[in-house]
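Visitor: Following is a predicted model, sequence given first.
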Amino acid sequence: MSIHRRAISTAIALLGVTLSIAVPAQTPLPKSAPNLTIRWLSSMAVSPASATAGTKFTGTVKLARRAASDLRVDLSLTGGTAIEGVGFALDGVIVPQFVTVPAGRDQATFTITTSGTAGTWIGSKMFTAKASYSSERLSAGFTVIRLANR
């Protein structure tokens, strides 16, 4: 019996030593839960990056994965005024209200129109188009060059 007790005591002592060495080496748990949000929006671009007024720009919104069903991405123009059924307008630049990414696709394009006659400025002006879905936001800048009011 004493051999068994000694073996158990030795095993417990060794286990205790092993645990005391292993515990400090463990990674502590984070104080807050990790962010497990799955993002939908991946990128946004406008091309060309710069063009004269009267040119149509092409905007592209890309998703991180293919849409399971049609996915509406809201659009806006920084500083623009919302016009019902048209989109957002500022100094002759118009961005549509939204773009729809079709089911099974991972991107969609939209057209930004510019007027060669509207606006009171001459020279170049930077604009920023924005895309949003749920709480996600993306933006892309582009420059309109107005040579002269016509």
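Guide: Yes, it's here. Residues are numbered from 1 along each chain as shown.
Visitor: dump the residue contacts of residue 130.
Guide: 75-78, 137-139 (Cβ atoms under 8 Å, 6 or more residues apart in numbering). The C-beta positions use only the backbone N, C-alpha and C, and glycine is treated the same way.
Visitor: run the last query once more with 6 Å
Guide: 76, 139 (Cβ atoms under 6 Å, 6 or more residues apart in numbering).
Visitor: Can you check the pLDDT for residue 120?
Guide: Predicted confidence (pLDDT) for residue 120: 68.
Visitor: what stretches of this structure score poorly on pLDDT?
Guide: Residues of the chain meeting the criterion pLDDT under 70: 1-30, 33-36, 118-120, 148-150.
Visitor: hey, where'd the helices end up in it?
Guide: 2-25 (DSSP state H).
Visitor: What is the burial count for residue 145?
Guide: 14 (other Cβ atoms under 10 Å).
Visitor: I meant to write residue 116 there.
Guide: Residue 116: 16 neighbours (other Cβ under 10 Å).
Visitor: Check the gap between it and residue 57 for me.
Guide: Per Cβ to Cβ, to the nearest Å, residue 116 is found 14 Å from residue 57.
Visitor: now swap in residue 32 and tell me
Guide: Taking Cβ to Cβ, one finds residue 32 at 42 Å from residue 57.
Visitor: neighbour count winner among these two?
Guide: residue 57 (23 against 6).
Visitor: Now do the same contact list for the more buried one.
Guide: Residue 57 sits in contact with 46, 112, 142, where contact means Cβ under 6 Å, 6+ apart.
Visitor: Equivalent analysis for residue 39, please.
Guide: residue 64.
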